[in-house]
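Participant: The amino acid sequence is not available; the structure is as follows:
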């Protein structure tokens, strides 16, 4: 087994490792509450501003049809995140540490470099989302808004010094804000509930229509975020379960319940974005709406509700800020895990944010504010490139009995995991090819 005693002494996120007590009780509800939290930090990656464009475009162009794709992509995400829980609990290692232990230094360094690029790309989308929200709500120039988003680094540091539960509470509050905002938007848009139910049913039309297939694969390809796999396998270790096989099995069970419930919540939010877009734009003749700014400008006039656009902007701001908080955490986990390099948390997070802010500022200053949509697309392409290099090691490790012992994936889970991993690789490769083709010849 590659996990040495020396490595075992260096936990992931040492400042919060095993910091949250798990009650010694038979009450299932108390245990569910004790383990609740990490799943919601992960779920924000599935509702970040990078996903909004595909949901908005899918709803505006094709109505409720692509709801089935959102559901399928979330089921794939639930499976992958459950493997993260299994790896973190069973081995006491996060995915980055496991890669460093298992692969050669050269391979591990390459994986780290790819992951850092992906985190920067993800953070870029989230920074832009927050900056766009600040501009829409308060008229703040995008370049100023991008700089303002750096302040949440210090908010996260302050909260984590108070305890990891405070970070979880803030993220859960922001996710709750997004859900309340879109619940209001659904009420305003008065969607066709029968059409929504039919939208979740699989349709051969999605495969036959090239335009529909492109957006569908965009939704699928942008759903599973590579940094979430590193993040989740680390933050499940903030719970202080007893180091026995029985308690590890319990931690895997309740950690999986937490992530599954949180990702079902993310499914509802992603569905709500598409439903509002379909009900507001598709059936009113505005089927070309694909950008966040256009959706913001049209919501209030089309729905006849003055507050509709402001509520949409508030949801975008909450989504962007919650996502940036988790991306900075993932940056710390990846650097410490792959390189065993321990920087002060505030310095690591500031570096992560600078890497995202600099290209955003250069693009906005040099190409103008209209370049933001291209930057968002570019960030999703970078994420697609890196995803396979996170998914494949995760399935490899959790399917290896030498590493996992009795917690190794059973045959059915191993088979399903590899099928999903292969599907993710193919879909992301197709999305990447189509995007490059559009750039060169579109």
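Facilitator: Perfect, thanks for sending it. These figures come from a predicted structure and were not determined experimentally.
Participant: What helices and strands are in contact with whichever helix or strand residue 144 is part of?
Facilitator: Residue 144 belongs to helix 142-148 when assigned by DSSP states H and E. Secondary-structure packing of helix 142-148 (3 or more Cβ pairs under 8 Å, 6 or more residues apart in numbering; DSSP states H and E): helix 105-138, helix 345-367. All C-beta spots, glycine's among them, are computed from the backbone N, C-alpha and C.
Participant: weakest of those helices by average pLDDT?
Facilitator: Sorting these by mean pLDDT places helix 345-367 lowest, at a mean of 73.
Participant: tilt between that helix and helix 105-138?
Facilitator: Relative orientation of helix 345-367 versus helix 105-138 (axes from the mean of the first three to the mean of the last three Cα atoms, to 10 degrees): 60 degrees.
Participant: Check the offset of helix 345-367 from the chain's centre.
Facilitator: Helix 345-367 has its C-alpha centroid displaced from the chain centroid by 19 Å (Cα atoms, centre = their mean, to the nearest Å).
Participant: Which SSE is immediately downstream of it?
Facilitator: Heading C-terminal from helix 345-367, the first helix or strand you meet, by DSSP H and E, is helix 372-398.
Participant: pLDDT on that following helix, on average?
Facilitator: For helix 372-398, mean pLDDT rounds to 81.
Participant: try stretch 18-38
Facilitator: Averaged over stretch 18-38, pLDDT sits at 91.
Participant: now stretch 225-234
Facilitator: Here the average pLDDT along stretch 225-234 is 91.
Participant: What residues sit buried inside that stretch?
Facilitator: Buried residues in stretch 225-234, defined by neighbour count with 16 or more other Cβ atoms under 10 Å: 225, 226, 227, 228, 229, 230, 231, 232, 233, 234.
Participant: so which of the residues you listed comes closest to residue 315?
Facilitator: Proximity of the buried residues of stretch 225-234 to residue 315 (Cβ to Cβ) peaks at residue 225, which lies at 19.0 Å.
Participant: looking at it, that closest one is touching residue 383, isn't it?
Facilitator: Yes: assessed by Cβ atoms under 8 Å, residue 225 is found in contact with residue 383 at 6.6 Å.
Participant: of all the helices and strands packed on helix 142-148, which lies closest to residue 175?
Facilitator: Using Cβ to Cβ, those put helix 105-138 closest to residue 175, at 13.8 Å.
Participant: for that closest one, packing partners?
Facilitator: Using 3+ Cβ pairs under 8 Å, 6+ apart: helix 105-138 touches helix 49-62, helix 95-102, helix 142-148, helix 226-235, helix 292-303, helix 308-339, helix 345-367, helix 372-398.
Participant: so which of the ones you listed is the most packed in?
Facilitator: Highest mean neighbour count of those: helix 226-235, a mean of 29 (counted as mean count of other Cβ atoms under 10 Å).
Participant: helix or strand right after it?
Facilitator: Using DSSP H and E, the helix or strand that directly follows helix 226-235 along the chain is strand 239-240.
Participant: and that following strand, which strands flank it?
Facilitator: Strand pairing for strand 239-240, determined by DSSP bridges: strand 20-21 (parallel).
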